[in-house]
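Colleague: need coordinates for the below:
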Amino acid sequence: MKNSNTTTFKVNEDENQFELHTKGGTAFLEFIREGEKIYLTHTETPEALRGQGIAADLVKQSLQCAKDNGLTVVPSCTFVANYVNDHQEWNEILSDGYRM
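Modeller: Coordinates of the predicted model:
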């Protein structure tokens with residue numbers, strides 16, 4: 001069952017990370033931006049929030065943000081790579097060589 005907590009998605013440019021704020025804490029996905037490419041490098045979810053779909057929701061919203069901003073995604077994080085492997089609809093925004 002998906003987490004019923006209210007969540008707020010935020011792009012934190014100062015920390016170079018996407019954030020998903022919930023009542024129980026903040027999950028984040030670190031990134032490095034180089035021109036029109038964005039490298040998604042590390043996903044972290046507070047232990048109390050794990051197993052509730054928070055990280056998957058964070059990745060989905062991060063990918064949508066990248067798409068909305070015309071960025072090409074390089075999934076350098078294992079969690080992100082596994083997510084895009086399971087969600088082929090994101091292949092169009094992946095960098096050449098990373099298309100699954």
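
Colleague: could you look up the SS state of the residue nearest the centre of the chain?
Modeller: With distances taken as Cα atoms, centre = their mean, the residue of the chain nearest its centroid is V59 (2.6 Å). Here V59 is recorded as helix under DSSP: H, G, I helix; E, B strand; the rest coil.

Colleague: how about the nearest residue to it, chain neighbours excluded?
Modeller: The shortest distance from V59 to any non-neighbouring residue, by Cβ to Cβ, 6 or more residues apart in numbering, is to Y83 (4.7 Å). Placement of C-beta: from N, CA and C, glycine included.

Colleague: give me the phi and psi angles of the one you found.
Modeller: With angles defined as degrees, to the nearest 10, Y83 sits at phi -60, psi -50.

Colleague: pLDDT value on the residue nearest to the centre of the chain, please?
Modeller: As predicted, V59 sits at a pLDDT of 98.

Colleague: that one touches V80, doesn't it?
Modeller: Yes. Using Cβ atoms under 8 Å, V59 is in contact with V80, at 5.5 Å.

Colleague: what touches both of the two?
Modeller: Overlap of the contact sets of V59 and V80 (by Cβ atoms under 8 Å, 6 or more residues apart in numbering) consists of L29, L40, T43.

Colleague: ok, back up a step: can you pull the contacts of the residue nearest to the centre of the chain?
Modeller: Here V59 is in contact with L29, L40, T43, F79, V80, Y83 (criterion: Cβ under 8 Å, 6+ apart).

Colleague: the residue nearest to V59 - how many residues pack around it?
Modeller: Y83: 21 surrounding residues under other Cβ atoms under 10 Å.
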